[in-house]
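*Asks:* Pasting the sequence and the predicted coordinates here, then a few questions.
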Amino acid sequence: GEVIGTIRGHLLPVLGCVFVPGHSSGENLRGVVQSADWSALSASRDKSIKMWDLQSGQLLRTYKGHVGRVLCIAIKAYTEYREGEDPIKMTLVASGSWDRSCKIWDLESGELLHDLGGPEESNTSPNSNGHLNAVTGVSFSPDGSVIATGSDDETMRLWNVLTGEELKSYQGHDNGITSVDYSANGEYVLTASQDGTLKMWDTADKGGAEQSFFDKQINSWVKLRS
């Protein structure tokens with residue numbers, strides 16, 4: 001395929017990127033494709049996250065706060081409901097970093113909403129010190145109310161997006177986790193690891209860890225309960 005644009009601006013290697021859904025100037029790039037996804041976020045070893053206009057290459061915003069390289073990012077439209085008030089709609093960005101934290105940002109304002117784990121002086125979680133090593137994967141639940149994080153410390157954790165509270169920590173890998181992904185129904189999280197395995201976790205019951213692995217001998221997922 002043809003390269004239709006190149007963006008430069010980070011000072012060090014770019015380690016992650018994601019389209020910003022529905023964020024567009026309303027014009028078509030070179031008249032070739034019609035799409036609302038003409039903005040993007042990038043995460044870099046230079047410790048920053050940047051939002052770009054993909055048509056012009058213009059830098060729209062820089063999100064700064066991490067004290068280590070930013071390894072992964074995720075984005076999610078989220079609606080917050082408060083009793084007696086109109087719903088608050090926002091687009092959330094989650095970033096995982098070498099500094100052991102997952103940060104949650106308001107896309108439009110650039111405001112840092114939560115700092116989950118990482119350095120003690122910046123951690124805003126009311127009940128957890130977070131991961132013991134780099135956060136290497138982040139994924140929002142389908143409704144945006146929970147964020148899953150994976151880490152080099154071999155654990156996957158679930159966090160309440162609104163309060164910053166850690167809901168549950170899941171253990172089972174024998175090496176660092178490299179990626180996490182929520183299922184479309186919000187009941188399962190997949191984790192990939194340097195131990196050579198892919199694990200599927202049942203997260204419907206936040207109080208108990210149910211783990212599955214794919215058994216190649218029988219070509220099927222096998223459930224285990226911890």
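*Replies:* Right, received. Where do you want to start? No experiment lies behind these values; they were computed from the predicted model shown. Numbering: from 1, shown residues only.

*Asks:* what residues are up against the residue nearest to the spatial centre of the chain?
*Replies:* For the chain, residue 138 is the residue whose C-alpha lies nearest the centre (C-alpha atoms, centre = their mean; 2.9 Å). Contacts of residue 138 were listed using C-beta atoms under 8 Å, 6 or more residues apart in numbering, and they are 72-74, 94-96, 102, 147-150, 180. Heads up, the C-betas are built off the backbone N, CA and C, glycines and all.

*Asks:* Quick one, grab the pLDDT at it.
*Replies:* For residue 138, the model assigns a pLDDT of 98.

*Asks:* what do you get for residue 203?
*Replies:* At residue 203, pLDDT is 88.

*Asks:* I am assuming it contacts residue 157, so please confirm or correct that.
*Replies:* No - with contact defined as C-beta atoms under 8 Å, residue 203 does not reach residue 157; the gap is 10.7 Å.

*Asks:* Quickly list what's touching both of those two.
*Replies:* 148, 168.

*Asks:* Could you list everything the residue nearest to the centre of the chain pairs with in the sheet?
*Replies:* residue 149 (DSSP bridges).

*Asks:* What of residue 43?
*Replies:* residue 16, residue 49.

*Asks:* residues contacting it?
*Replies:* Going by C-beta under 8 Å, 6+ apart, the list of residues near residue 43 reads 14-17, 49, 70-73, 95.

*Asks:* Where does the prediction get shaky in the chain?
*Replies:* Where the chain drops to pLDDT under 70, the residues are 23-37, 205-226.

*Asks:* Recalculate using a threshold of 80.
*Replies:* Scanning the chain with the threshold set as pLDDT under 80 gives 22-37, 80-82, 204-226.

*Asks:* In terms of helices and strands, where is residue 132?
*Replies:* Using DSSP states H and E, residue 132 sits in no helix or strand.

*Asks:* Could you check what's spatially nearest to it, not counting adjacent residues?
*Replies:* Once flanking residues are discounted, residue 132 sits nearest to residue 153: 4.1 Å by C-beta to C-beta, 6 or more residues apart in numbering.

*Asks:* follow-up on the earlier one: could you report the separation of the residue nearest to the centre of the chain from residue 178?
*Replies:* 12 Å (C-beta to C-beta, to the nearest Å).

*Asks:* Which neighbours do these two have in common?
*Replies:* Joint contacts of residue 138 and residue 178 (C-beta under 8 Å, 6+ apart) are residue 150.

*Asks:* Count residues in the vicinity of residue 22, would you?
*Replies:* By the criterion of other C-beta atoms under 10 Å, residue 22 has 12 neighbours.

*Asks:* residues contacting residue 95?
*Replies:* Residue 95 neighbours (C-beta under 8 Å, 6+ apart): 43, 49, 63, 66, 70, 72-73, 102-103, 105, 138.

*Asks:* who wins for most neighbours among those residues?
*Replies:* Counting by other C-beta under 10 Å, top hit in the contacts of residue 95: residue 102 with 30 neighbours.

*Asks:* where do the helices sit along the protein?
*Replies:* Applying DSSP state H to the chain gives no helices.

*Asks:* quick one on the thing from earlier: could you measure the residue nearest to residue 132 against residue 194, distance?
*Replies:* For residue 153 relative to residue 194 (C-beta to C-beta), the value is 12 Å.
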